[in-house]
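Student: Predicted structure and sequence below. I'll ask about it afterward.
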Amino acid sequence: MMKILVTGGAGFIGSNFILYLMEKYPEYKIVNLDKLTYAGNLENLKSVEKNPNYMFIRGDICDRKTVEEAMTGCDMVVHFAAESHVDRSIGGPAIFIRTNIVGTEILLEVAKELNIKRFHHVSTDEVFGTLSLDNLEEKFNEDTPYSPRSPYAASKAGSDHLVRAFVETYNFPATISNCTNNYGPFQFPEKIIPLFITNALQNKPLPIYGQGKAVRDYLYVIDHCEAIDLIIHKGKIGETYCIGGDSEKNGAEIAKTILALLDKPKNLITFVEDRKGHDMRYAMDHSKVTNELGWQPSVTFEEGIKKTIEWYKTNKPWWQKVIVKNT
Ligand SMILES: NC(=O)c1ccc[n+]([C@@H]2O[C@H](COP(=O)([O-])OP(=O)(O)OC[C@H]3O[C@@H](n4cnc5c(N)ncnc54)[C@H](O)[C@@H]3O)[C@@H](O)[C@H]2O)c1
């Protein structure tokens, strides 16, 4: 019997991952440890909350005692919990250091003490810094040196380094994945895709940073869940895997696509002051996870954005409540 502790399971990717896991492995036991910050939402997990194989614990990964209680008896940890929004990290880095670095270190220590068999750390492509718009052939891969440029990216880089240090120092059984921008159901409408969809649905302006030229590589969230599923079951201990969507888009393209699909006027686009230290381009070479574990993105951006728009259209009460609660 497999028992997995998922941290941050009430957030965007974590809740998609729990739903995915419980459907694919109905016999697994899942413990979800989440502090329920502004980004955590138990409504995402309504369909499994009564399942006897699912347990929710409200708690902070920085609280050692809670972590010990949640992790005891688990075989594996999949660690999503984090402060995740770059703009918030620019406004106030401290909570990012606390949750993303201190919290990860506490999880690692407890997992080591409890002899957890496998620890998977979910990280981001942002730890690698920025690529230039002049050489579109260039991509990040597992050998790219770390060069974080926002407090968020620096805190995630710190957590990645700690996980690797535990592998080297204590022979700790960890894996890491660095993934590009995710989108899909249950994403908090501060991130670009859900923000633009919900604003367009309300006929509100779509605020584009700078000239709208910054490029991100987009991956449908379920593809990310599949990659993590493969890594935790078949990935090699001590290894890092880069995950990408082969879907590079800039902010202006995202806005135009969403407006066209919703049949809304282009004049909803407004250009706002650029993000401080804005990274210009992220792109990922995911050939290692493709060659070693047979993973590749299965949902194209064109399909994924349609599914995502449909989800936000049919789940208005979900995002309306989220917006009201956070304004
Ligand atoms: N969203 C992306 O595009 C993306 C891409 C690559 C990697 N990641 C990484 O994936 C993970 C999940 O991202 P997301 O977009 O789902 O984030 P999210 O902000 O939607 O969710 C984060 C969750 O963590 C919880 N949390 C925050 N602080 C906590 C604490 N101290 N203790 C316990 N729980 C806490 C929140 O309540 C929330 O439920 C993060 O580690 C992020 O860095 C995200």
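Tutor: Structure's in. What do you need? In this text the structure is predicted, and so the values were computed from the model without any measurement. Numbering: from 1, shown residues only.
Student: mind listing the strands in the stretch 201-327 of the chain by residue range?
Tutor: Secondary structure of the stretch 201-327 of the chain (DSSP state E, counting those that start in this stretch): strands located at 206-209, 215-220, 240-243, 248-250, 269-272.
Student: Let's have those in JSON lines, adding mean neighbour count.
Tutor: To be clear about C-beta, it is placed using only N, CA and C from the backbone, and glycine gets the same treatment. JSON lines is the format used below for these (neighbours: other CB atoms under 10 Å):
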{"stretch": "strand 206-209", "mean neighbour count": "20"}
{"stretch": "strand 215-220", "mean neighbour count": "24"}
{"stretch": "strand 240-243", "mean neighbour count": "26"}
{"stretch": "strand 248-250", "mean neighbour count": "20"}
{"stretch": "strand 269-272", "mean neighbour count": "14"}
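Student: need those in a markdown table with distance to the ligand and mean pLDDT, can you?
Tutor: Formatted as a markdown table, the strands of the stretch 201-327 of the chain follow (distance: least, CB to the nearest ligand atom, whole Å; pLDDT from 0 to 100):
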| stretch | distance to the ligand | mean pLDDT |
| --- | --- | --- |
| strand 206-209 | 16 | 96 |
| strand 215-220 | 8 | 97 |
| strand 240-243 | 8 | 98 |
| strand 248-250 | 13 | 97 |
| strand 269-272 | 21 | 96 |
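Student: To Lys50, which of these lies closest?
Tutor: Go through these one by one with CB to CB and the one that ends up closest to Lys50 is strand 215-220, at 27.8 Å.
Student: same for that closest one, what does it pack against?
Tutor: strand 181-183, strand 248-250, helix 301-314 (3 or more CB pairs under 8 Å, 6 or more residues apart in numbering; DSSP states H and E).
Student: Can I get the strands of the stretch 201-327 of the chain in CSV including distance to Ile232?
Tutor: Below are the strands of the stretch 201-327 of the chain laid out as CSV (distance: least, CB to CB, whole Å):
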stretch, distance to Ile232
strand 206-209, 35
strand 215-220, 18
strand 240-243, 11
strand 248-250, 27
strand 269-272, 39
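Student: looking at those, which is closest to Lys256?
Tutor: Proximity to Lys256 (CB to CB) singles out strand 269-272 among those, at 7.6 Å.
Student: buried sites along the helix or strand containing Thr169?
Tutor: With secondary structure defined by DSSP states H and E, Thr169 is part of helix 151-170. Neighbour counts using 16 or more other CB atoms under 10 Å place 151-160, 162-164, 166-167 of helix 151-170 among the buried residues.
Student: Now do the helix or strand just after it against strand 215-220, angle only.
Tutor: Sequence order places strand 174-179 as the next helix or strand after helix 151-170, per DSSP H and E. Using axes from the mean of the first three to the mean of the last three CA atoms, to 10 degrees, the interaxial angle of strand 174-179 with respect to strand 215-220 works out to 120 degrees.
Student: Not counting its neighbours along the chain, what's nearest Gly210?
Tutor: Counting by CB to CB, 6 or more residues apart in numbering, Gly210 lies nearest to Asp274, which is 3.3 Å off, once chain neighbours are set aside.
Student: residue contacts, that neighbour?
Tutor: Under the criterion of CB atoms under 8 Å, 6 or more residues apart in numbering, the neighbours of Asp274 are 209-211.
Student: same thing with Lys24?
Tutor: Here Lys24 is in contact with Asp229 (criterion: CB under 8 Å, 6+ apart).
Student: Whatever residue of the chain ends up closest to the ligand: how many residues sit nearby?
Tutor: Nearest to the ligand in the chain, going by CB to the nearest ligand atom, is Gly11, at a distance of 2.0 Å. In terms of burial, Gly11 registers 25 neighbours under the definition other CB atoms under 10 Å.
Student: you'd agree it is up against Asp34?
Tutor: Yes - counting by CB atoms under 8 Å, Gly11 sits close enough to Asp34 to count as a contact (7.1 Å).
Student: and Ser132, which of the three is it?
Tutor: Classification of Ser132 using DSSP: H, G, I helix; E, B strand; the rest coil returns coil.
Student: Tell me the confidence at the nearest residue to Gly8 once chain neighbours are set aside?
Tutor: Of all residues beyond its chain neighbours, the one nearest Gly8 is Ala81 (3.2 Å), with distances taken as CB to CB, 6+ apart. Ala81 carries a pLDDT value of 98.
Student: Ala81 - how many residues pack around it?
Tutor: Neighbour tally, Ala81, other CB under 10 Å: 29.
Student: what sits against it?
Tutor: 7-8, 11, 14, 33-35, 61, 99, 103.
Student: Closest to Ala252 out of those residues?
Tutor: Proximity of these to Ala252 was ranked by CB to CB; the top entry is Gly11 with 27.7 Å.
Student: check contacts around the nearest residue to the closest one once chain neighbours are set aside.
Tutor: Take Gly11 and drop its neighbours on the chain: the residue closest to it by CB to CB, 6+ apart is Ala39, 5.2 Å away. Taking CB under 8 Å, 6+ apart as the definition of contact, the neighbours of Ala39 are 11-12, 83-85, 188.
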